[in-house]
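Asks: From the sequence below, what's the structure:
(2 chains)
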2 protein chains.
Amino acid sequence: MQALADRLRAERRIVFVPTMGFLHEGHLSLIRIARNAGDVVVVSIFVNPTQFGPGEDFQEYPRALDRDLALAEKEGADIVFTPSEAELYPEGFETYVHLERLPRHLCGLSRPVFFRGVATVVTKLFHIVKPHAAVFGEKDYQQVMVVKKMVRDLNMDVEIIAGPTVREPDGLAMSSRNSYLSKEQRRSALSLRKALIEAQQMVSSGERSSARIVSAAKDSIASFPETDIDYIRIFDPETLEDRKEINGPVRMALAVRVGSTRLIDNDLLNPAR
Amino acid sequence: MQALADRLRAERRIVFVPTMGFLHEGHLSLIRIARNAGDVVVVSIFVNPTQFGPGEDFQEYPRALDRDLALAEKEGADIVFTPSEAELYPEGFETYVHLERLPRHLCGLSRPVFFRGVATVVTKLFHIVKPHAAVFGEKDYQQVMVVKKMVRDLNMDVEIIAGPTVREPDGLAMSSRNSYLSKEQRRSALSLRKALIEAQQMVSSGERSSARIVSAAKDSIASFPETDIDYIRIFDPETLEDRKEINGPVRMALAVRVGSTRLIDNDLLNPAR
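Replies: You can find the predicted model right below:
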């Protein structure tokens, strides 16, 4: 892959879509964005162990390589890179990329090794695939911000493109983890999107207090069965620091366990909307 | 530099010599090695603040840019890259490359941020200069091992070449920090090399106990004025773990303060020699 990338890079624009596989319409939309952003589209499929903490779902994470290969090819991927765990993390592996501030918010608080794992594997994959640009889904908003910051801080010559969240017809953000949900849990999963819509409605009606919006969101989500809120935050879109008052565009993000499945979602809250 | 490197890399082999400037014959030997190892030689000069701890000599570190530029050009450097601190570490910088094991030995113990700073700045410079190969001096043996491990772990497509330690006629390892030494301290600085030679003599005479060799080295160095030993270790050349018995080639390294100047040196100890 590295030798091929080095040759390709000299004449063509490589655009990279890193994934953990079990591709859904969200991933496919990122492949389409990549298709339009360059000449060679590389998709990687790798369930990265270092971003899962103890007790998280690394073992259970859904895998479907043959189906993924067919989907990626159909969507126009030129190369699908599927390294093994032993290739990427040989015995004695000890080097990590770590951000000091951005991971101290949101998902980084409940998943302490997550962003170190993401930053490390993305760095490794960038070194192997040598892309000019890479596409990440905005559903994982904090991840996009962490990758952008890492790229800037470490002078990586890679343009980061964020692709909009793709949703099911009823509004649920697409995620490989949705496959864990029972039929009833699938209904409760809608509570995340509902809370985001209600929050924007409150802001549009003149509410400026993040505390009151978050409080309403908590009540709204708690009214669904089997929900357990990890966090609901309204924050500065760049620094991810909490915003108490909504005086301009901010971001709202939430993580909710539905049964034992942890789901996340986020959206812009805009007083001018 | 990045745009230029991207263009150059397509057709020519870039070999990189990262330095902190105040070039001496040791650096120039690395430039000559680079000259022979590729088509384009890039030398960087940057006194990297993140590898200096509080109370260390970042402010005092000797600088002589004009002289360095002339020396590098004379030795055959094609490009000298001299970034500013503000360019490499803009406000809000927060991303570091960290190794978990190799820095827990030798210099890493007395300089806890050193190898994080080295790994981070070398990563940044590799992303900017995009070299096929990079040359580091073996005087900083642990640094060479850390960089090699980082390159392997993070899949950097860079060959690491180690250049042998260059010494003054009387045996003192060349170092920009030698410029700190008074005339008397300059004599005491010879104690490092002397201890290494005596250690190899003991090994050649059949001594196999690291403890006895280190003990003799301590006595030898302590007999010189103004010396204060930081560490003397005999260790596995790959893992840097202590070796109690010398049953094959091992490495011996030492760090000694002479006055307020911290000097390091190292060499192979080989029972077959």
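Asks: Burial check on the closest residue in space to A:K139 that isn't next to it in sequence, number of neighbours?
Replies: Of all residues not flanking A:K139 in the chain, A:T165 sits nearest, at 4.3 Å (Cβ to Cβ, 6 or more residues apart in numbering or on different chains). Any C-beta I mention is one placed from the backbone N, CA and C, and that applies to glycine too. Applying other Cβ atoms under 10 Å in any protein chain shown, we find 19 other residues in the vicinity of A:T165.
Asks: Give me the pLDDT for A:T165.
Replies: According to the predicted model, the pLDDT of A:T165 comes to 98.
Asks: what residues go with each domain of chain A?
Replies: Structurally, chain A divides into domains by automatic domain parsing as follows: A:2-163, A:176-268.
Asks: mind checking how far the closest residue to chain B within the stretch 151-273 of chain A is from B:Y89?
Replies: Using Cβ to the nearest Cβ, the point where the stretch 151-273 of chain A gets nearest to chain B is A:D153, with a distance of 3.6 Å. The spacing between A:D153 and B:Y89, counted by Cβ to Cβ, to the nearest Å, is 9 Å.
Asks: got it, and A:G206?
Replies: Relative to B:Y89, A:G206 is positioned 43 Å away (Cβ to Cβ).
Asks: Which one of the two is surrounded by more residues?
Replies: For A:G206 versus B:Y89, neighbours defined as other Cβ under 10 Å are more numerous around B:Y89 (17 against 7).
Asks: Now do the same contact list for that one.
Replies: The contact partners of B:Y89, taken as Cβ atoms under 8 Å, 6 or more residues apart in numbering or on different chains, are B:49-50.
Asks: Distance to B:Q201 for the domains of chain A - can I get that in JSON lines?
Replies: As requested, the domains of chain A are exported to JSON lines (distance: least, Cβ to Cβ, whole Å):
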{"stretch": "domain A:2-163", "distance to B:Q201": "34"}
{"stretch": "domain A:176-268", "distance to B:Q201": "60"}
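Asks: right, and the ones you listed - which one's nearest B:M1?
Replies: The stretch from these with the least distance to B:M1 (Cβ to Cβ) is domain A:2-163; that distance is 9.5 Å.
Asks: quick one on the thing from earlier: looking at the domains of chain A, spot the one closest to B:G55.
Replies: Closest of these to B:G55 is domain A:2-163, at 21.4 Å (criterion: Cβ to Cβ).
Asks: what distance separates the closest one from the centre of its chain?
Replies: In terms of Cα atoms, centre = their mean, to the nearest Å, the gap separating the centre of domain A:2-163 from the centre of its chain is 10 Å.
Asks: do the same with stretch A:229-248
Replies: The gap between the average C-alpha position of stretch A:229-248 and the chain average comes to 18 Å, counting by Cα atoms, centre = their mean.
Asks: So for that stretch, what gets flagged as buried?
Replies: Buried positions in stretch A:229-248, judged by neighbour count with 16 or more other Cβ atoms under 10 Å in any protein chain shown: A:229-230, A:232-235, A:240, A:243, A:246.
Asks: Also stretch A:166-174?
Replies: Within stretch A:166-174, the residues that qualify as buried by neighbour count (16+ other Cβ under 10 Å) are A:166, A:168, A:172-174.
Asks: now stretch A:76-87
Replies: In stretch A:76-87, the ones that count as buried by 16+ other Cβ under 10 Å are A:77-81, A:83.
Asks: again, but for stretch A:96-113
Replies: For stretch A:96-113, burial by neighbour count (16+ other Cβ under 10 Å) applies to A:96-99, A:101-103, A:105-108, A:111, A:113.
Asks: So which of those residues would count as near chain B as well?
Replies: The overlap between those and the neighbourhood of chain B (criterion: Cβ under 8 Å from any Cβ of the partner chain) consists of A:96-99, A:101-102.
Asks: quick one, phi psi at the residue most central in space within chain A?
Replies: Residue closest to the mean C-alpha point of chain A, counted by Cα atoms, centre = their mean, is A:D140 at 2.5 Å. Recorded main-chain torsions at A:D140 are phi -90, psi 70, according to degrees, to the nearest 10.
Asks: Let me see the contact set for it.
Replies: With contacts defined as Cβ under 8 Å, 6+ apart, the neighbours of A:D140 are A:I264.
Asks: so how many other residues sit close to the residue of the stretch 151-273 of chain A closest to chain B?
Replies: Under the neighbour criterion other Cβ under 10 Å, A:D153 is assigned a count of 23.
Asks: shouldn't it be in contact with B:E91?
Replies: No: in this structure A:D153 lies outside contact range of B:E91 using Cβ atoms under 8 Å: 11.3 Å.
Asks: Show me what the host helix or strand of A:G108 is packed up against.
Replies: Under the criterion DSSP states H and E, the helix or strand holding A:G108 is helix A:107-110. Helix A:107-110 is packed against helix A:114-129, strand A:227-235, with contacts defined by 3 or more Cβ pairs under 8 Å, 6 or more residues apart in numbering or on different chains; DSSP states H and E.
Asks: OK, contacts around A:E159?
Replies: A:132-134.
Asks: Could you tell me which of the residues you listed count as buried?
Replies: The neighbour-count test (16+ other Cβ under 10 Å) marks A:132-134 as buried among those.
Asks: These in strands, which ones?
Replies: The strands, defined by DSSP state E, take in A:133-134 from these.
Asks: I'd like to know which of the buried ones among the contacts of A:E159 is nearest to chain B.
Replies: Proximity of the buried ones among the contacts of A:E159 to chain B, judged by Cβ to the nearest Cβ, is greatest for A:H132, which lies at 9.2 Å.
Asks: give me every residue that touches that closest one.
Replies: A:9, A:13-15, A:38, A:157-159.
Asks: which one among those gets closest to B:L268?
Replies: Sorting the contacts of A:H132 by distance to B:L268 puts A:D157 at the head of the list, at 38.4 Å, by Cβ to Cβ.
Asks: Just give the nearest non-adjacent residue to the closest one, would you?
Replies: Excluding its sequence neighbours, the residue lying closest to A:D157 (Cβ to Cβ, 6+ apart) is B:Q2, at 5.4 Å.
Asks: Just the strands from the stretch 101-250 of chain A, written as ranges.
Replies: For the stretch 101-250 of chain A, strands defined by DSSP state E, counting those that start in this stretch occupy the ranges A:133-137, A:159-163, A:227-235, A:250-258.
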